[in-house]
Structure formats: C-alpha cells, structure tokens
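1. Model the following, please.
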Amino acid sequence: MKKQRKYFLILVFLLLVFTCRSQFNPNTICRVENGKIYFKIDLKWSNDQKKELARLFDLDSVVLAAVFAGKTEIVVKDANWEIVKLNDHVVELSKVIQAMPVRPPAANDVFMVDDRWLKAAGEAERESMEYGVNRFTRVSVFQYREGVARFFLPGHKEAKHVFLSGSFNSWSTSRTPMQACDSGWVVTLKLRPGKYSYKYILDGRWMQDPFNKLKEKDTYNGYNSVLYCYNHIFRLRGYTTAHQVIVTGSFNNWNEKELKMLPIKGSWLISLYLREGTQAYKFIVDKVWITDPENKLRRPDGAGNFNSVIGIGDSIMFRLKEFPDAKNVILTGNFNTWNTGELFMEKIAGGWQLYYVLGPGNYEYKFIVDGKWMIDPANPNTTGSGEMQNSFIALKSNYIFKLDQYLTAKTVTVAGIFNGWNPDNFTMVKKDGKWTFPIYLKPGKYTYKFIVDGKWIRDPGNDLWENNEYGTGNSVLWIEP
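-> You can find the predicted model right below:
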C-alpha cells in the first residue's frame, strides 16, 4: 500500500511539473504594440523558467530581479522599464522601443520585426532608384510584361520545396511557392514597375539567383539578388551602319558609356525602369550626340542646345497670374536642378502657364520674371525664409500634418527625420481653425515634432511617440504602403 502511495505522489509531482512548464509559452509572453514591447510574466515561475525567459529574450538579470522583487519601475542602461500588476501572481513588464547599438547577429538570435516595417521597406525600395537595367545571364530566368513577372529557376530537380522570397512579399518564407516543371521551378506574380530584391529558398536553404549579376548586401553578411520591372523602351530607328548607340540622360547623370542599346530589326533598343517624373535624354551615335528624331518634345538645356524630353506619370500645371508685360517667365525648382534656362512658360490670357510631369514627391520651386526671382503668390505653402524661401508643393500628398491648437502663435513649423529636423524648413499654414502642412512621404516610419514660436512640442493629436536622447520624446508616424 505504501508503495502504491509512493508511486501516486510521484505521478502527481510529475503532472504538476508538466503543467507548470506547459504554462511557459514564449509565443504568449512577448508582444510589440504602439511603439512599446511588453512581457507577461508569472511570478510563480521556477528558477529554470526564469533562466529560460532571460535566454530567449535577452532580458537583463537586474530587470528580472526587480520584477520578482515587486518593484513598479526600474531604469537600466538608460531604458525605463514599467512593471504593472495584472493579478495576484502575473505582472506586465514594458518599455518604449529605442534604437540600440548594432552588433553582428549571432546564429541563434531571435528577431522580432513589425510587419508594417517590412511592407513599408519593400515599397520604399520599389521606387528608390531613378532608373535601373537588369543583368541576367539567361533571358529566360526573368520575364516581365503588362504587370506580370515570371521567375524561373533552372535545375534543382532534387529539391522537394522551392519558395521565392523578397521585398515584394515582405520576405515571407512560405507565401510564394514555386511550381516544379520539366526543367526547373517557376512562379508568376503581379508586380508594379520598380526595383526589387529577392532570394530563392530550396528545402530551407537560402540562395541568390545564380543567373543574375545584380546584387546588393543584405543585413546578414550576405547578398540579395536585385531586379527591375521595366516601364519604358528607348528606340532609335535607322542608323543600321552605326557601330555603337548609347542613350543617356538626366536619370543617369548623363553617363556616356553605361546604357548601350542593341540593334534589333532596323532599330536600336533598350528597355529599362524609369521612376515617375520628367527626364531629359539624348542618343550618342558613334560619339555624335543627337536628339530623338521621333520625339517632338524638346527643351533647352541651358547651354544653347536642346534635349529630348519624356514624362512618366501625371502632369501638373504651374500657373502665374498677371505680368502681361513680361518678356520671359521661367519655372525652376529642385525637380530640374534649378536650371534657369530650360522651362520657359507659355503666355496666356491672364498670365503664364506650363505643364510638367512629376512623380509623387515634395518639390520646391520659384518663378523668374524677366530675371527677378519670386515665390508663387497663389501657393501659401513655403519652405525656408528670406531669400532662401521657396514655394512648396507635395504631389500626390498622402499625409497632412495638423495642429488645431496654438492659433494665436505667430509661426508654426514641422520638423522631422523627413527634412533633417530643420526647424525653419516646413512652415505650416493657418486656415479654418488649424495649422496644416501637406506632404508626400514614402511608406515607412517617421519621427517628428512641431515648433510653435520656437518651442518644440510633440503632436498633441497623436498618441504614438517614442523617447529621444533629450528625454522629451518624438511623435511617431507610420505611412502604410
């Protein structure tokens, strides 16, 4: 009887141990929310479980000691930890996420990544380059037409599973499986024109595209393959006896050697990606520069010659009212590197106008009326001050900074990572009981503040913020893809 009782007690003990350990689930312990990281900790956990907690999440032993000692807050390595009691034996440990010193990743490191960041980073990469040309060693491994991309990985018939992972699918390891075919693996997906980085995953093993010469460093001491989905073809008909034809333009800083065109059926051709906007270009035929004979749109280059011009995207109209006696009115801005001899405006009834193609973005500009520089009197949004003041326009604006307080202030500006934290650059406009400033921002995370008559403040209408080196905090803005 005693022996049976002994076995029964041992069984109960094992069940208790198993039950206790089963409650230690790393997937439910940690979460990231609103710019903070949270840990849900059971004060009844054993010493082994405490050690496992510290190992899994790299938690400081001093922080854990404070938790189990019943403290409500602790500061370690300039990080402010808050400890809130949820019930009799469960507490929540939290702190604001801050940028930390970077060290080389270890093999067993656990990385927690906000999916919004992955999507934003991918979309920002897509339109990050002014232009791009692919360098595949085999034409068949990548094809792009009418918004559909086809990836083909020859060989590797022994693989059981092959996945395509890249900036286009937030680097998912399972979202884009490839299908086996008689000569390799293939997959098609819809992509917008632009730049993308990617890798293949063969039975869990990551590899670059062996048929792609374009690559760039990843964050793990390796490389990603890089490709471009094209949206434009340069074509020069004739010149069949020429030895070499090159296209060059504002998009590649007028490089005279880079973009060599191919002779195909009586024409010279090259396909490439061009970011939305206006681009000036020329052909170089056996070292002789010529404009595009099939493109009637030409503009002065400011040096007595002309360039052919193309526009990809939507056009907007710049208009300056009045000045009927002016001889010349010129538009200039950061979109044409402030060229003062290119964009001559057309005289119309009641003023001057010019249509110009620009991609989404933030632009500064001025008018030059018979040699006199002036901002746009019809546009209240400006940057800078004094002689450095320019008119400002956000094309396809996707966010408006708003402040419905401090209406008696003389000047309110917005500064952040998007303008180098310049306190004098983006001046907000007071209208309809609030201060506003429209802006275009690429997808991603941005920190910012308002400056009200010289005083820096966080955005009172935005509850999302993070700490800074001054202990005053910055407002945080996420622009979704």
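2. drop to CA atoms for contacts and neighbour counts, all remaining ones
-> Will do.
3. pLDDT wise, what is L272 at?
-> At L272, the pLDDT value in this model is 96.
4. separation between it and N231?
-> In this view, L272 and N231 are 7 Å apart by CA to CA, to the nearest Å.
5. Is it correct that K190 is in contact with G147?
-> Yes: using CA atoms under 8 Å, K190 is in contact with G147, at 5.6 Å.
6. Does W268 touch V247 like I think?
-> No: W268 is beyond contact range of V247, at 9.8 Å (criterion: CA under 8 Å).
7. what about L259, how many neighbours?
-> Here the count is done by other CA atoms under 10 Å, and L259 has 18 residues near it.
8. Distance across stretch 312-331, terminal residue to terminal residue?
-> End-to-end span of stretch 312-331 (CA to CA): 19 Å.
9. Make 154 the starting number, not 1.
-> Noted, 154 is the first residue going forward, which turns the last one into stretch 465-484.
10. Tell me the buried residues in that stretch?
-> I465, D467, R472, L473, V482, I483, L484 (16 or more other CA atoms under 10 Å).
11. can you pull the pLDDT of S327?
-> In this model, S327 is scored at 89, pLDDT.
12. A274 in helix, strand or coil?
-> helix (DSSP: H, G, I helix; E, B strand; the rest coil).
13. whoops, F545 was the one
-> Using three-state DSSP, the structure places F545 in strand.
14. go on, D201?
-> helix.
15. For burial, what's the neighbour tally of it?
-> D201, neighbours per other CA under 10 Å, totals 10.
16. Please report how far E278 lies from Y297.
-> E278 sits 18 Å away from Y297, going by CA to CA.
17. Mutual contacts of W421 and V400, please.
-> Taking CA atoms under 8 Å, 6 or more residues apart in numbering as the criterion, W421 and V400 both touch M414.
18. out of those two, which sits in the more crowded spot?
-> Neighbours per residue (other CA under 10 Å) separate W421 from V400, with V400 holding more: 27 against 22.
19. give me the beta-bridge partners of that one?
-> Beta-bridge pairing of V400 under DSSP bridges involves F436.
20. Surely it and L412 touch.
-> Yes: under the criterion of CA under 8 Å, V400 makes contact with L412 at 5.7 Å.
21. Now do the contacts for V438.
-> Neighbour list for V438: A395, H396, Q397, V398, I399 [criterion: CA under 8 Å, 6+ apart].
22. Backbone dihedrals for it, please?
-> phi -100, psi 110 (degrees, to the nearest 10).
23. Could I get the pLDDT score of it?
-> What the model reports as pLDDT for V438 is 97.
24. quick one: low-confidence parts of this structure?
-> 154-181, 185-188, 209, 230-231, 250-273 (pLDDT under 70).
25. in it, which spans are helices?
-> Ranges of helices within the chain are 155-175, 179-182, 200-210, 214-221, 268-279, based on DSSP state H.
26. how about the residue nearest the centre of the chain, what does it touch?
-> Centroid-nearest residue in the chain, with CA atoms, centre = their mean: A277, separated by 2.5 Å. Going by CA under 8 Å, 6+ apart, A277 touches K595, P596, G597.
27. separation between F436 and F554?
-> Distance, F436 to F554, using CA to CA: 44 Å.
28. Settle it for me: which of these two has more neighbours?
-> A count of neighbours by other CA under 10 Å puts F436 above the other of F436 and F554, at 25 against 15.
29. quick one, what contacts the more buried one?
-> Contacts of F436 (CA under 8 Å, 6+ apart): V398, I399, V400, T401, W442, I443, T444, D445.
30. Where do the strands of the stretch 504-634 of the chain begin and end?
-> 504-510, 514-522, 525-527, 535-536, 543-548, 552-556, 565-569, 579-580, 582-584, 587-592, 597-605, 608-610, 618-619, 627-632 (DSSP state E, counting those that start in this stretch).
31. Please dump those strands into TSV; it should also carry distance to D454 for every row.
-> Listed next are those as TSV, based on distance: least, CA to CA, whole Å:
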stretch	distance to D454
strand 504-510	16
strand 514-522	17
strand 525-527	20
strand 535-536	27
strand 543-548	23
strand 552-556	35
strand 565-569	35
strand 579-580	30
strand 582-584	35
strand 587-592	30
strand 597-605	36
strand 608-610	43
strand 618-619	47
strand 627-632	37
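32. right, so of the ones you listed, which gets closest to I236?
-> strand 618-619 (18.0 Å; CA to CA).
33. Give me the phi and psi angles of the residue lying closest to N551 once chain neighbours are set aside.
-> Ranked by CA to CA, 6 or more residues apart in numbering and with sequence neighbours excluded, the top spatial neighbour of N551 is Y593, at 5.3 Å. Torsion angles at Y593 (phi, psi; degrees, to the nearest 10) stand at phi -110, psi 130.
34. doesn't A547 make contact with Y593?
-> Yes: counting by CA under 8 Å, Y593 does reach A547; the two are 5.6 Å apart.
35. Next one: P530 relative to R472, how far apart?
-> In this structure, P530 and R472 are 10 Å apart, going by CA to CA.
36. With D616 instead?
-> Distance from D616 to R472, counting by CA to CA: 40 Å.
37. got it, and G503?
-> Counting by CA to CA, the separation of G503 from R472 is 10 Å.
38. just A232 next, same as before
-> Separation of A232 from R472 (CA to CA) stands at 53 Å.
39. Return the residues in contact with the nearest residue to V229 once chain neighbours are set aside.
-> Once flanking residues are discounted, V229 sits nearest to V216: 7.3 Å by CA to CA, 6+ apart. By CA under 8 Å, 6+ apart, V216 lies in contact with I227, V229, W234.
40. mind listing what the first one touches?
-> Under the criterion of CA under 8 Å, 6+ apart, the contact list for I227 reads V216, A219, N233, W234, E235.
41. quick revisit: export the buried residues of stretch 465-484 to a markdown table and append columns for distance to W526.
-> Formatted as a markdown table, the buried residues of stretch 465-484 follow (distance: CA to CA, whole Å):
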| residue | distance to W526 |
| --- | --- |
| I465 | 28 |
| D467 | 27 |
| R472 | 15 |
| L473 | 13 |
| V482 | 10 |
| I483 | 9 |
| L484 | 10 |
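42. quick check, nearest of these to F497?
-> I483 (4.6 Å).
43. pretty sure the closest one contacts K500?
-> No: counting by CA under 8 Å, I483 sits too far from K500 to count as a contact (10.9 Å).
44. Can you name the residues bridging to the residue lying closest to G308 once chain neighbours are set aside?
-> Counting by CA to CA, 6+ apart, G308 lies nearest to G337, which is 4.4 Å off, once chain neighbours are set aside. Counting by DSSP bridges, G337 forms beta bridges with P307, C334.
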